[in-house]
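> here is a sequence together with a model predicted from it:
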Amino acid sequence: MTMASANAEADPLEALRSAVKEQGDLVQELKAKKAPKADVTAAVTELKARKRVLEKEISVLEPSVDIDRRKFDQFLATRHVYCPTAEIYNSIAGLFNMGSVGAQLEDELVTLWKTFFLRKEKLQLVRCPVLNPDVVLRVSGHEERFIDVMVKDMETGACYRADHLLAAHLEKLLESKKSTAEEKEAARQLMPKVEGLTKQELGEQLTKFGVKVGEKNDHAISEPLDFHLMFSTMVGPGGAEQKVYLRPETAQGIFLDFKRLYQTSNERLPFGACQIGSAYRNEISPRNGLIRQREFLMAEVEYFVLPDQKTHPNFKSVRDVEVSLLSAKNQLSGQSARRMKIGEAVDTGVISTEIMAYFIARIALFLQAAGIRKEMLRFRQHMDTEMAHYACDCWDGECRTSIGWVECVGCADRSDYDLKLHSAAAKTSLAAQVRLKEPQSVDVVEVHTDKKVVGKAFRGDAKLVTPYLEGLADPEAANLEQALQANGSAEVTVEGKSFTIKPEHISSVKRFKKEIVDEKVFPHVIEPSFGISRILTAILEQNFLTRPDDAQRTWLSLPPAVCPMKCAVLPLSNKDEFTETVHRLSDELTDLNLSNVIEDSSCSIGRRYARLDEIGVPFGITVDFASLTANTVTLRERNTMKQLRLPCDKVTEAVDRMVRGKATWQDMAQLYPEHTSQEDEMASAAATAE
């Protein structure tokens with residue numbers, strides 16, 4: 001047996017890993033040689049195709065979210081978790097109403113997020129309008145880059161993303177027994193390149209392969225069209241209208257308010273700000289429920305740090321947090337994610353900066369506290385070819401769902417990209433004033449203009465020329481002086497306009513030494529960005545379970561911290577003598593800020609427990625006949641379905657402690673006796689008979 005065959009037998013994915021590594025090495029080699037862009041793009045596209053094949057095989061071996069889709073969808077609908085907007089009018093794809101259960105779950109998730117980030121990290125909370133002037137998103141680069149290519153069904157007008165449509169058609173050709181060998185080979189060669197095709201090339205290939213749409217694949221499609229992913233509208237009355245966009249992210253409002261936020265932080269770095277709110281993207285073909293919507297809830301942190309000080313004072317507190325990391329290097333070599341401690345990841349250079357590692361650890365702790373299982377969470381680093389236009393490093397927190405790994409959180413190092421761009425465009429400094437360790441002596445140049453002469457010479461343009469000239473430093477100021485002495489004039493360009501400067505426009509140029517104790521620095525920004533709706537989907541899918549002894553009985557194993565309802569109060573009988581105790585306990589829970597429900601339907605007690613389990617209510621207080629005679633109640637725990645008997649005046653405090661993580665069910669079981677559900681059923685039957 002050869003060494004290669006032995007390795008393949010030990011690792012059945014070895015051949016696929018080798019293929020990915022081989023292509024990854026080629027990509028790096030082409031980049032090092034500064035090869036033509038077309039060659040690099042083709043190599044990257046092939047690398048992504050090989051990665052997809054490998055990841056598909058790896059996913060079979062990884063923990064999966066195995067849910068009964070029919071039961072899950074039925075649960076979403078019957079328990080009003082969420083539903084399509086304007087459903088009675090056939091709705092619009094990609095828009096959803098959060099129902100009573102979904103909205104409360106979302107609210108509890110946001111509350112937990114605030115505890116982990118807003119309060120723990122001492123962030124400043126802001127709220128900005130969803131409407132952004134077009135100039136904001138033009139300067140940030142979103143207007144230019146938020147574009148996909150689509151085609152239309154010429155008969156129905158339905159829209160399709162062109163690259164997805166072509167890829168789906170090629171996959172069908174490869175799988176079809178009717179395809180000729182030539183067709184399959186052509187599809188096989190084109191498949192890895194689809195993602196990198198231009199609009200014109202997409203049109204040519206769609207035509208070449210005869211791609212059609214419709215139920216019977218007999219509808220012609222249009223020529224490819226650019227489709228802007230940002231919603232735009234006009235504000236103001238006619239004649240004074242201004243174009244605005246619905247924000248595609250919440251971050252820009254924080255960047256524009258940097259000066260005020262910096263002042264509020266006593267002009268000290270580091271500091272952070274956050275915003276929770278809706279963002280909007282006009283997806284061509286939204287799908288997979290809350291995972292790809294046109295309006296979605298985000299929670300974003302913008303943490304401002306000095307460029308050379310990407311550390312965090314609390315890093316020691318997370319050094320031992322274990323996370324699953326899939327670095328760009330491992331992706332290029334075809335390796336799987338590796339589980340390691342955050343401290344080790346920084347020490348070995350897997351994560352480049354301490355502050356990035358700190359927030360990755362905090363994100364992991366938050367997601368696990370919210371109900372994401374640690375074996376179904378990984379952090380994948382973006383490769384250079386997929387990095388957002390504003391980022392120099394980025395790790396995605398990906399959660400395992402029924403459709404595979406889904407990006408739910410992005411943690412990006414945006415460097416000083418946004419602050420610099422907005423500073424230049426708005427002519428307003430968004431820099432921080434940072435004290436130097438030691439005073440420094442610097443050369444200063446001051447150009448003074450004769451404002452009267454400049455105003456007469458340039459009239460309305462004097463407001464452009466004067467600040468330009470007075471803002472010159474060496475070597476520009478020296479070059480201007482030399483040109484004036486040698487030629488008697490000098491040409492300058494300000495905001496696209498050319499002006500002739502003459503000696504009489506300059507009254508003096510002064511040069512001197514100046515001691516400075518601080519300097520202007522553009523902070524770098526670390527941005528953890530949370531897709532709340534996607535996280536909610538992953539939580540629901542990972543915690544949607546069935547009871548081992550009853551496959552028809554579903555329940556949610558949510559952590560108490562995010563449960564829509566923390567507790568239920570159930571009277572064993574609807575007799576009047578139970579009412580006072582039931583409402584008193586419910587009021588006590590409310591006073592403790594614990595959401596609760598009185599479940600007094602006519603169903604059996606077992607059926608009522610099952611209905612509460614279905615929406616994840618972690619605790620149930622049952623008021624029974626012993627409550628009237630012995631002043632005790634039973635407390636039921638959802639996961640184990642076991643019950644304890646507690647005094648009435650102790651039960652709400654016990655629930656409060658368990659919800660807030662101050663005690664566990666096991667702690668309570670040490671303090672109070674167990675109660676069997678059979679006792680409830682017997683008592684309920686007796687009450688019914690009476």
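In hand now; what should we look at?

> which residues touch the top helix by length along the chain?
Across the chain, the helix with the greatest residue count (assigned by DSSP state H) is helix 37-61. Applying Cβ atoms under 8 Å, 6 or more residues apart in numbering, the contact partners of helix 37-61 are 13, 16-17, 19-20, 23-24, 26-27, 30-31, 191-196, 331-332, 334, 336, 385, 404-405. The way it works is simple: take the backbone N, C-alpha and C, and place the C-beta from them, glycine included.

> give me the mean pLDDT for it.
Helix 37-61 carries an average pLDDT of 74.

> list the buried ones in it?
If you call a residue buried by 16 or more other Cβ atoms under 10 Å, then helix 37-61 has these buried ones: 40-51, 54-55, 58.

> beyond the helix or strand of the chain with the lowest mean pLDDT, next helix or strand please.
Between all helices and strands in the chain, the lowest mean by mean pLDDT, DSSP states H and E belongs to helix 3-10, at a mean of 45. Going down the chain from helix 3-10, the next helix or strand is helix 14-32, by DSSP states H and E.

> that next one packs against which elements?
Packing partners of helix 14-32 (3 or more Cβ pairs under 8 Å, 6 or more residues apart in numbering; DSSP states H and E): helix 3-10, helix 37-61, helix 328-332.

> next, the angle helix 37-61 makes with that helix.
Here the directions of helix 14-32 and helix 37-61 differ by 150 degrees (axes from the mean of the first three to the mean of the last three Cα atoms, to 10 degrees).

> buried ones in helix 14-32?
Counting neighbours by 16+ other Cβ under 10 Å, helix 14-32 gives 14, 16-21, 23-24, 26-27, 30 as buried.

> look up how far residue 557 lies from residue 453.
Distance from residue 453 to residue 557, counting by Cβ to Cβ, to the nearest Å: 79 Å.

> closest one of the buried residues of helix 37-61 to residue 232?
Closest approach between the buried residues of helix 37-61 and residue 232, by Cβ to Cβ: residue 41, at 30.0 Å.

> which one is residue 563 nearest to, not counting chain neighbours?
Nearest non-adjacent residue to residue 563, counting by Cβ to Cβ, 6 or more residues apart in numbering: residue 616, 4.9 Å away.

> now residue 647
That would be residue 632: by Cβ to Cβ, 6+ apart, it lies 5.6 Å from residue 647.

> list the contacts for residue 228?
By Cβ under 8 Å, 6+ apart, residue 228 lies in contact with 146-147, 282.

> quick check: bridge partners of it?
Bridge pairing for residue 228 (DSSP bridges) gives the partners residue 147.

> and it, what pLDDT?
Looking at residue 228, its pLDDT reads 88.

> quick revisit: could you redo the buried residues of helix 14-32 as TSV and give each row distance to residue 159?
As requested, the buried residues of helix 14-32 are exported to TSV (distance: Cβ to Cβ, whole Å):
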residue	distance to residue 159
14	42
16	35
17	38
18	40
19	35
20	34
21	39
23	33
24	35
26	36
27	33
30	35
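
> where does the stretch 51-200 of the chain have low pLDDT?
Residue ranges of the stretch 51-200 of the chain with pLDDT under 70: 60-61.

> what are the ranges of the helices in it?
Here the stretch 51-200 of the chain has its helices, by DSSP state H, counting those that start in this stretch, at 69-78, 100-113, 134-139, 142-145, 162-175, 181-190, 199-208.

> list the buried ones in the shortest one?
By neighbour count with 16+ other Cβ under 10 Å, helix 142-145 contains the buried residues 142-143.

> what is it packed up against?
The contact analysis (3+ Cβ pairs under 8 Å, 6+ apart) places helix 142-145 against helix 134-139.

> then the helix it packs on to PDB, C-alphas only?
What follows is helix 134-139, C-alpha atoms only, in PDB (Å, rounded to 0.1, in the frame of the first residue of the first chain):
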ATOM      1  CA  ASP A 134     -27.700  59.300  -0.800                       C
ATOM      2  CA  VAL A 135     -24.400  61.100  -0.300                       C
ATOM      3  CA  VAL A 136     -23.700  59.000   2.900                       C
ATOM      4  CA  LEU A 137     -24.000  55.700   1.100                       C
ATOM      5  CA  ARG A 138     -22.200  57.000  -2.000                       C
ATOM      6  CA  VAL A 139     -19.200  58.000   0.100                       C
END
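
> list the helices and strands it packs on?
helix 142-145, strand 242-246, helix 251-256, helix 417-426.

> a markdown table for the ones you listed, including distance to residue 478?
Converted to a markdown table, the helices and strands packed on helix 134-139 look like this (distance: least, Cβ to Cβ, whole Å):
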| stretch | distance to residue 478 |
| --- | --- |
| helix 142-145 | 37 |
| strand 242-246 | 43 |
| helix 251-256 | 35 |
| helix 417-426 | 24 |
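
> for the stretch 401-550 of the chain, which segments count as strands?
In the stretch 401-550 of the chain, the strands defined using DSSP state E, counting those that start in this stretch lie at 404-415, 432-449, 490-494, 497-501, 506-521, 524-531, 544-547, 550-556.

> sheet partners, orientation included, of the last one?
Strands that pair with strand 550-556, judged by DSSP bridges, come out as strand 544-547 (antiparallel).

> buried residues in the strand it pairs with?
For strand 544-547, the buried set under the neighbour-count rule, 16+ other Cβ under 10 Å, comprises residue 544.
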